[in-house]
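Undergrad: kindly generate the corresponding structure for this input.
(4 chains)
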Number of protein chains: 4
Amino acid sequence: DRPRESGVIIGVLPTGTHNAITDVPGVKVGHTTRIRGKSVRTGVTAILPYDGNIFQQKVPAAIYLGNGFGKLAGYSQVEELGNLETPIVLTNTLSVPTAVEALIDYTLDLPGNENVRSVNGVVGETNDGYLNDIRGRHVRKKDVLGAIANAESGPVTEGNVGAGTGTICFGFKGGIGTSSRKLPESLGGYTVGVLVQTNFGGVLTINGKPVGQELGQYYFKRQIEGSADGSCMMVLATDAPLDARNLKRVAKRAMLGLARTGGIASNGSGDYVIAFSTAESLRIPYSPEKRTLTQEVLHNDVVSPIFLATIEATEEAIINSLFAARTLTGSGHTVEALPVERVLQMMDR
Amino acid sequence: DRPRESGVIIGVLPTGTHNAITDVPGVKVGHTTRIRGKSVRTGVTAILPYDGNIFQQKVPAAIYLGNGFGKLAGYSQVEELGNLETPIVLTNTLSVPTAVEALIDYTLDLPGNENVRSVNGVVGETNDGYLNDIRGRHVRKKDVLGAIANAESGPVTEGNVGAGTGTICFGFKGGIGTSSRKLPESLGGYTVGVLVQTNFGGVLTINGKPVGQELGQYYFKRQIEGSADGSCMMVLATDAPLDARNLKRVAKRAMLGLARTGGIASNGSGDYVIAFSTAESLRIPYSPEKRTLTQEVLHNDVVSPIFLATIEATEEAIINSLFAARTLTGSGHTVEALPVERVLQMMDR
Amino acid sequence: DRPRESGVIIGVLPTGTHNAITDVPGVKVGHTTRIRGKSVRTGVTAILPYDGNIFQQKVPAAIYLGNGFGKLAGYSQVEELGNLETPIVLTNTLSVPTAVEALIDYTLDLPGNENVRSVNGVVGETNDGYLNDIRGRHVRKKDVLGAIANAESGPVTEGNVGAGTGTICFGFKGGIGTSSRKLPESLGGYTVGVLVQTNFGGVLTINGKPVGQELGQYYFKRQIEGSADGSCMMVLATDAPLDARNLKRVAKRAMLGLARTGGIASNGSGDYVIAFSTAESLRIPYSPEKRTLTQEVLHNDVVSPIFLATIEATEEAIINSLFAARTLTGSGHTVEALPVERVLQMMDR
Amino acid sequence: DRPRESGVIIGVLPTGTHNAITDVPGVKVGHTTRIRGKSVRTGVTAILPYDGNIFQQKVPAAIYLGNGFGKLAGYSQVEELGNLETPIVLTNTLSVPTAVEALIDYTLDLPGNENVRSVNGVVGETNDGYLNDIRGRHVRKKDVLGAIANAESGPVTEGNVGAGTGTICFGFKGGIGTSSRKLPESLGGYTVGVLVQTNFGGVLTINGKPVGQELGQYYFKRQIEGSADGSCMMVLATDAPLDARNLKRVAKRAMLGLARTGGIASNGSGDYVIAFSTAESLRIPYSPEKRTLTQEVLHNDVVSPIFLATIEATEEAIINSLFAARTLTGSGHTVEALPVERVLQMMDR
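TA: Numbers count the residues shown, from 1 in each chain, chains lettered A, B, ... in the order given. Presented below is the predicted three-dimensional model:
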């Protein structure tokens, strides 16, 4: 069961139907999981803003560098132009070039893109090199293209799947997690969805409970004193009509959600938030017919509820990843899953 | 009693002697509190990095814009040059120019500064206009100079004092709060101290407990749906030898501490973190004798414990401000103090 | 005569009617010049985006930090919210607080602002302390309010006037300069206007001619080897419908115009560009009637001509300031005007 | 002949021995040029900060985004940590992933890096898709590794070589260019070297002469009105002991050099500056033996001459690329070289 179904209710706002990033209409998620032999424990997760040629009709977007010790591809163009022109792909650190290559293939091959000669692929990553033979670079282009092709709306598989196959979080097995919030109509009725690839440390707190400390400070020590080459990739989707400037502000708030789980964004952490809006009126044509775009955007004064929704959904997505992940052995190491039963008992006290 | 003395132990690291920013050797804090008649409820708080002519021997510093809806003075020069050349002054929004003026007076008048013709005063602010007649601008230059002159090491008065006299936090009376952390010798033995001026909203969480929700969602509604022109000024001092780049990274982590109290950095919030290092070897002379500075700075790899210390001290400083503040009436409004007894009972459950 | 009237044609685009920032419809400029006794050589220049209550109907804006060694007020809020809510005031370094105070007075006193309790005054500065008794802080609030009250459309006085009264540029007397460009209708027909307060050094180049070197490398030596606490404030107005993100990009290009005059943005320089759009459809109401704003903004693909217009207008505005400035004595120093006749002869070769 | 040898003397500072980035001791440059059949016109250029294992002993570095419409890899980690851990590779836009992949191979295979599981490859690019079949992605990993292996000190080949094989600049054939400046001993005696890959537009100005206009405004029109998916990659090396903060400031100045050639950093331009210091005392060990680094760094006050050197070397490197490039036909298009003889005649007037 997911935490919410076990009574762990994070925050004050209601979730969307699936409590997933796919609650934002049009958003799809696909995974490719690579588990082979004793050492391949990795994969790919793809997030599609909408069904269609994203290069031809770009979506407003922003990337926030929570802590930039990472190899994310595509930052500067999103920062400069305020838009996204490919699906977002998550994978392991050393497979970023393969994933970018695949996004170029994908984009060049789309009907209508026959003359495209420049593609800004956005790829995030965390380092799964403890459980996975990361130096072997076992992600292939077809794994990336497969994750895109398989992407679906509806419920999202969490835990040891896709880009979360080999990740570790707070000393436990981490993985993919997702959550969403739906604002009341009086606040606009917008949906905010978050998907995370959790691979970071700190002092685990679940809905305010100091779970990490109660399970032994081992985890704290391991993460703080040890080499913490962890990371958290966060992808945020919303149907609220936000331009790139306000998407950047929203993206910043995802770090506040991470903070509530006990994350500290350690030196070695690559904590990135990629945020985009699916609002159709904000699509940015590659070949504009006229000089100007007519856009309906939210006034600054009404974005605060979206900030709160972001914080809550990020916190819950991280916790969801921990609840869904399973004990995994790879590359000669074993990482245990979060002891969910014991944790739920703690939560009840 | 402060929360810690009542058994509310935030985080895993030990505090310094006074659990205050003044635990960082050399740091001093001074307050001027302006309460007069029915409507003047404001003041000034000054933080001195060390005793001496800061203009002549500057300290490395950084300012992080958590959410820049505010009128802080001095940002761009700190960003460009990586240092601080005046005491830090906190006050109300509309008194920033008076405080900058006072810092110019203070600096021009220091012995040795007779030929100084350029001063970058750093002044933070929050808006106390609900309890205080802020439009009347009742802070005078002598109030600012007084706060600097009165600055002391040792315990720091918290609550309705200085720049916290008229502030509101999570719907309760806010104010000044402070806390510190001391790293174990194995992690460097450094001290991190934080002082906050709390005037912001969200869903109050105290050491993980959803206090705001349990006291009625009134507070959430008020802060989220209402006009939330709040702010949190955070000042961070450390004796760890950090250069401006790593101070900026440390400053960013203070926002993670704010997040743990339920803060959301709403649109109207001016959330700023000013961080400086008191390490003597990192002083930057105004009139350098030679071309180069020889500096001993921390390697990136060892800053993570300072990140954790920052998060914990910021969280506790905010909670301390709420515990210390008292119910206040001003400008025809009354803001209640946090019901500490009731909160402590919640914490025990 | 201005350089253009003497045959110095900078760039390839045509100017507006007055070759001034006021060619952008609605923009007004006012000066207060303070010359008194032997040592007061300073002043104030105000730029109004339009005639009306700017606080109630804000304009999109951005500030670019070319080199942030300066005391500009108002940066962080413009950066966060993307708008401007007061006139822009330029003055000397140590008079920034007085100018901010005056902008607060001005804003609080406007009809309709009776309940305003927060004002983000934007004030730029350069240091005129060589010719002016800057430590005496001779700018008064009424000087600032006067510059705003006197602001006019039409031709703008250049040279030793307003905030340019006591400034120095490339070792010659600097001051206020302005210029504009009007794009052909095929590129949108937009106007870009720039106003500068020149107080910086480098190796003077006028429309490509190495004037500084030919007049003796004295100027280079003085500015490069000496203490170069100079600065250039640049204010850019346009009627092109640009949002804050593209205004920031436009603002960055003003530095390219400065570069073409031989400026190097030295360590001690405070080089700031404040850019705003007067497009009426982009006004941002303080009290919005609905959640969203409907905005017509330029597509990224069509901003390049505005970049070129910005570069050309900035270059010409700086040169205009030098041609208009007159030899001035103050505080026991004399700074010579650019020897215009000799320079024009060089240009002819 | 290079322009300087033909009497085109840009700036006031002297060059280093080879007037090349390799004048900075230890820096090496290597090219792989890929010309095959009618459509392959591309290549790779590699810049090595020093001879040795850069991953184990990193160099301080910064990247400045002049205009971020580009696909440069490695930005966020350099920004966060302030260092560079691989050679810098330049290539075409769609070959960035191949180059990153090659840098990972290169780094993992170095003796001593057997356990490395995370590599931040820095790769810059411009789009050579007019002359080159860029969609075919003809750069192979061995081309990248070859450029690194072939890297040499001493004179650097310019023009249609390496990553400059198929580029276009101001409507003429662009390519690789390089230049250097050596400060007098009184200013520190440091060397600054710049290497550029020129592929951008604007209104060409050579040492102040409006060459672009005189050769017909065709070039202006083509670049401004047409699709200007151009870019300029600039790599800056210095032996001055600059930390990442001051390297970022130096990097910003390279854009001022670009401005002096008539570049406007158009919307579609990817203008990036990668700067690093070779100062041995500033090396950053991957496996530090102690908590702190003892660094000798330049005081802010003495960096201005390095700014000037950067501006001059960048301007000259760009002009050098144009003088060295040769007319090229590829993919059915021909781009003419700059008519050097005619230009030199203009310069003489």
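
Undergrad: point me to the residue of the stretch 101-250 of chain A nearest chain B.
TA: residue A:208 (2.8 Å; CB to the nearest CB). In this view, the C-beta of every residue, glycine as well, is placed from N, C-alpha and C.

Undergrad: residues near the nearest residue to that residue once chain neighbours are set aside, how many?
TA: Take residue A:208 and drop its neighbours on the chain: the residue closest to it by CB to CB, 6 or more residues apart in numbering or on different chains is residue B:208, 2.8 Å away. Residue B:208 is flanked by 18 other residues according to other CB atoms under 10 Å in any protein chain shown.

Undergrad: is residue B:208 in contact with residue A:204, as I believe?
TA: No - between residue B:208 and residue A:204 there is no contact under CB atoms under 8 Å: 11.4 Å.

Undergrad: rewinding a little: show me what contacts the residue nearest to residue A:208?
TA: A:205, A:207-210, B:260 (CB atoms under 8 Å, 6 or more residues apart in numbering or on different chains).

Undergrad: again, only this time at 10 Å
TA: Shown in contact with residue B:208 (CB atoms under 10 Å, 6 or more residues apart in numbering or on different chains): A:205-211, A:260, A:262, B:10, B:260, B:347.

Undergrad: cool, and residue A:280?
TA: Contacts of residue A:280 by CB under 10 Å, 6+ apart are A:25-26, A:50, A:57, A:59, A:239, A:241.

Undergrad: phi, psi for it please.
TA: Taking degrees, to the nearest 10, you get phi -60, psi -30 for the backbone angles of residue A:280.

Undergrad: now residue A:98, nearest residue through space, not along the chain?
TA: residue A:139 (5.4 Å).

Undergrad: what is the burial count for the residue in the stretch 1-150 of chain A positioned nearest to chain B?
TA: Residue nearest to chain B within the stretch 1-150 of chain A (CB to the nearest CB): residue A:12, separated by 5.9 Å. Neighbourhood size, residue A:12 [other CB under 10 Å]: 17.

Undergrad: three-state assignment of it?
TA: Here residue A:12 is coil, with the state taken from DSSP: H, G, I helix; E, B strand; the rest coil.

Undergrad: and the gap between it and residue B:210?
TA: Look at residue A:12 and residue B:210: by CB to CB, to the nearest Å, they are 9 Å apart.

Undergrad: overlap in contacts, those two.
TA: Counting by CB under 10 Å, 6+ apart, the residues touching both residue A:12 and residue B:210 are B:203, B:262.

Undergrad: one step back: for the residue of the stretch 101-250 of chain A closest to chain B, give me phi and psi.
TA: phi 90, psi -10.

Undergrad: pLDDT wise, what is it at?
TA: Looking at residue A:208, its pLDDT stands at 95.

Undergrad: and residue A:295, by the same measure?
TA: pLDDT, read off for residue A:295, is 95.

Undergrad: one more: the one 4 residues further on?
TA: According to the prediction, residue A:299 has pLDDT 96.

Undergrad: can you tell me the closest non-neighbouring residue to it?
TA: Of all residues not flanking residue A:299 in the chain, residue C:288 sits nearest, at 4.7 Å (CB to CB, 6+ apart).
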